[in-house]
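[1] Below is the sequence, then the predicted model.
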Amino acid sequence: MSGNDLTQLGFYLLVLLLCVKPLGNYMASVLEGRRTSTLERGLYRLAGVNPDQGMTWKVYAAAFLAFNALGVLAVYSILRLQHLLPLNPQGFGALEPHTALNIAISFATNTNWQNYGGESTLSYFTQMVGLTVQNFVSAASGLAVVAALARGLASKNSESIGNFWADLVRGTLYILLPLSAILAIFLVSQGVIQNLDGYVPVADSKRVLPMGPAASQVAIKQLGTNGGGFFNVNSAHPFENPTALSNFFQVLSILLIPAALCVTFGRMVNDNRQGWALLAAMVLIFVPLLLIEAQVEVGNMEGKEVRFGTTNSALWAVATTAASNGSVNAMHDSFTPIGGLIPMFLMQLGEVVFGGVGSGLYGMVVFAIIAVFLAGLMVGRTPEYLGKKIEAFEMKMASIAILVPPVCVLLGTAISVVTPMGLSGLQDRGAHGFSEILYAFSSMGNNNGSAFGGYGANNPLVNLTGGVAMFFARYWVAWPVLAIAGSLARKKTVPVGPGTLPTHTPLFVGLLVGAVLIVGVLAFIPALALGPIVEALQ
Amino acid sequence: MGITMIRAALTTFLTLTVLTGVIYPLAITGIAKLVFPAQATGSLIVENGKVRGSNLIGQSFEDPKYFWSRLSATSLEPYNPASSSGSNYGPHHPDLKKAMEARRAALQALDPRNPPPIDLLTASASGLDPHITPAAAAYQAARVARVRNLSLDRVYQLIAEHSTGRAWGILGEPAVNVVQLNRALDR
């Protein structure tokens, strides 16, 4: 890497870390209900919701699931009825049931795995009313769950972990919408298209230039860690990401909210140091992997754009897989073997290094619970986190939350590699072919959404197993997390004593990093050895 | 509690759908068309009322009198703007090497001097990359000057006019817009 490459990476980290505190504090004020508006109050009145009425964790989880189920149903219906709906200048037809189901689950679960090419499959109505909406509300759902978890940790002897509707609406109105509007307008200034015109024919040729409301969707796809591209090649497309500046602000937006939420968390549990410790653990895993990625991709321009070069492609690949974003500005399938391994491994860590909006942080808090438990075992201390005793119930729930995604990934991969349909979409054979399948399920089984694009995954088998993987990875993690929140809220706070392991120290950050890496390595080294590691040795 | 929950879920879903799926994208479309009309509609190249392409979307140039673009793996044909795609070849895929060797041979038949820059031998991520590196432009400059009977200085001047540096002096990579450069050569 050259000096400029390091400067670009350093500048990125600097700007990101400078944004973390102001945005984190602002988000805390939103999630604590300190901002309000006529629009918000009107919305509650219409819905018959009292935002100050607390919910038990079971009611909260039921509301979360009911709302998400509506999302799946709505997107599925829109995709199946696309040919009958408006704003379809290219006259795209309805999608196959298995394809539509996969897309519906994909967008409701904040995964945005894409088994279609946007510009050749979806109408503007589908993109706006179907997908853009899910980009917002799936991210807001993640925000809600992490807010509930923070409340569970902060409150004493309480049954309530907050009101789901209030968290959902506030996150959408005061965090996601304003940030998206600003980013969208900036992106248009750089050349990202935003219109409702039909595709434009190029004179004296058979060619047509695709059009559509791209900027409004691209903005939220980055900020909400969704990642679903308007076009087939996502943010590698010049209409989706035309300049170095559009690229910088998009890749900044990928990690912006997940990183700032650490500060929000610290504020909500009344101990800012706790948030910084979680952020430090994330940065400690992120930076070394980023440097390796940028180094191994030097000189590899296959599947990369000239305006970004290898360094910005490597930065994006690491950011998008550290967060559960999944948008791309380069084709990961054509990365060097180690360059492909790192994004895969970041997803396999459970999307907790920054991770998705909300989901990354609640995943990391689950690992913090695992870490205090491990530390407790090692030194004979009672495990406590933020003054709450960690007991059998919390450990059971935490174990479910960290084990469900690896099970989805490994079972999904196994099913695909032993069935003709699972193998039918492969472009490469041998080790790289295995990597393509492992990447696909690492992505879906951790709600990321990026892909090794050579793997043609639009067939009933992969759509359905992948759909199940995305579903479980989202809800079978969120549900136990809400259960932990409810159980912790009910407990009293234990005063800090000589037996308490402080969870804001460098020692604990090291323990936390260790817990994340050990779980990831134990689960995935055998599979990685068959794919990218063999390739690297070839 | 059942009915209250269903009402809350349905109403919240519908109102948020209208807000984020209708009002938000339409408002952005309105502002975009007002403030950045050219960018919002695709930075089109319009000549005598006819659309000739977009400044942002690469095109295929195979004639020796033009600067060649990068390889493109879009479906049906290279540089098909309606179907963006990379090659997605794995790093050891045999066809990747074949494509690079074929391109290298074609370039070196015209410019036998030195090994071509890597971006001319590889397919872009989008298949629609409008840019080549300054090194790739410099590599082809002598050939274009020769075929067109232009001075090398004039060709370099045109390259400079259609080059962009790093944003803020730091971000991204220097690039030459092949679509604009080749149009300037034809003028």
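    Arrived safely, thanks for sending. Numbering: from 1, shown residues only, chains lettered A, B, ... in the order given.
[2] where does residue A:157 fall, helix, sheet strand or coil?
    Look at residue A:157: counting by DSSP: H, G, I helix; E, B strand; the rest coil, its state is coil.
[3] and the gap between the closest residue to it other than its chain neighbours and residue A:387?
    Counting by C-beta to C-beta, 6 or more residues apart in numbering or on different chains, residue A:492 is the residue found nearest to residue A:157 once chain neighbours are left out, at 5.7 Å. Bear in mind the C-beta positions are built from the backbone N, C-alpha and C, glycine included. According to C-beta to C-beta, to the nearest Å, residue A:492 and residue A:387 sit 9 Å apart.
[4] show me the contacts for residue A:470.
    Residue A:470 sits next to A:105-106, A:109, A:111, A:113, A:444-445, A:447 when contact means C-beta atoms under 8 Å, 6 or more residues apart in numbering or on different chains.
[5] Tell me which helix or strand it sits in.
    helix A:460-490 (DSSP states H and E).
[6] what comes up buried for that helix?
    Neighbour-count burial for helix A:460-490, counted by 16 or more other C-beta atoms under 10 Å in any protein chain shown, picks out A:461-463, A:465-490.
[7] my read: the residue nearest to residue A:157 touches residue A:155, true?
    No: applying C-beta atoms under 8 Å, one finds residue A:492 not in contact with residue A:155, separated by 10.3 Å.
[8] higher neighbour count, these two?
    The residue with more neighbours, out of residue A:492 and residue A:155, is residue A:155; 20 against 10, by other C-beta atoms under 10 Å in any protein chain shown.
[9] The nearest residue to the more buried one once chain neighbours are set aside and chain B: what is the separation?
    Leaving aside its chain neighbours, residue A:155 sits nearest to residue A:489 (5.0 Å; criterion: C-beta to C-beta, 6+ apart). Distance of residue A:489 to chain B, given as C-beta to the nearest C-beta, to the nearest Å: 19 Å.
[10] Spit out the contact partners of residue A:489.
    A:57, A:151-152, A:155, A:158-161.
[11] where does chain B have low pLDDT?
    For chain B, applying pLDDT under 70 flags the ranges B:1.
[12] hang on, the earlier thing: just after the helix holding residue A:470, pick out the following helix or strand.
    helix A:506-528.
[13] how much distance is there from the next helix or strand after that next one to the middle of the chain?
    Note on helix A:506-528: by DSSP H and E, the next helix or strand toward the C-terminus is helix A:534-537. Counting by C-alpha atoms, centre = their mean, to the nearest Å, helix A:534-537 is centred 29 Å from the centre of its parent chain.
[14] Need the residues that contact helix A:534-537.
    A:336-338, A:340-341, A:431-432, A:435, B:90-92.
[15] Which two among those residues are spaced furthest apart?
    A:341 and B:92 (14.1 Å; C-beta to C-beta).
[16] sorry, back to before: which one among the contacts of residue A:470 gets closest to residue B:135?
    Nearest to residue B:135 among these, with distances taken as C-beta to C-beta, is residue A:113, at 36.8 Å.
[17] What about residue A:126, how many residues nearby?
    So residue A:126, with other C-beta under 10 Å, has 23 neighbours.
[18] What are the neighbouring residues in contact with whichever residue of chain B sits closest to chain A?
    Residue nearest to chain A within chain B: residue B:172 (2.4 Å; C-beta to the nearest C-beta). Residue B:172 is in contact with A:243-245, A:247-248, A:307-309, A:312, B:166, counting by C-beta under 8 Å, 6+ apart.
[19] next one: residue A:102
    Going by C-beta under 8 Å, 6+ apart, residue A:102 touches A:113, A:115, A:463-464, A:466-467.
[20] Can you add pLDDT and distance to chain B and give these back as CSV?
    Listed next are the contacts of residue A:102 as CSV, based on pLDDT from 0 to 100; distance: C-beta to the nearest C-beta, whole Å:
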residue, pLDDT, distance to chain B
A:113, 94, 16
A:115, 92, 14
A:463, 96, 19
A:464, 96, 23
A:466, 96, 18
A:467, 96, 21
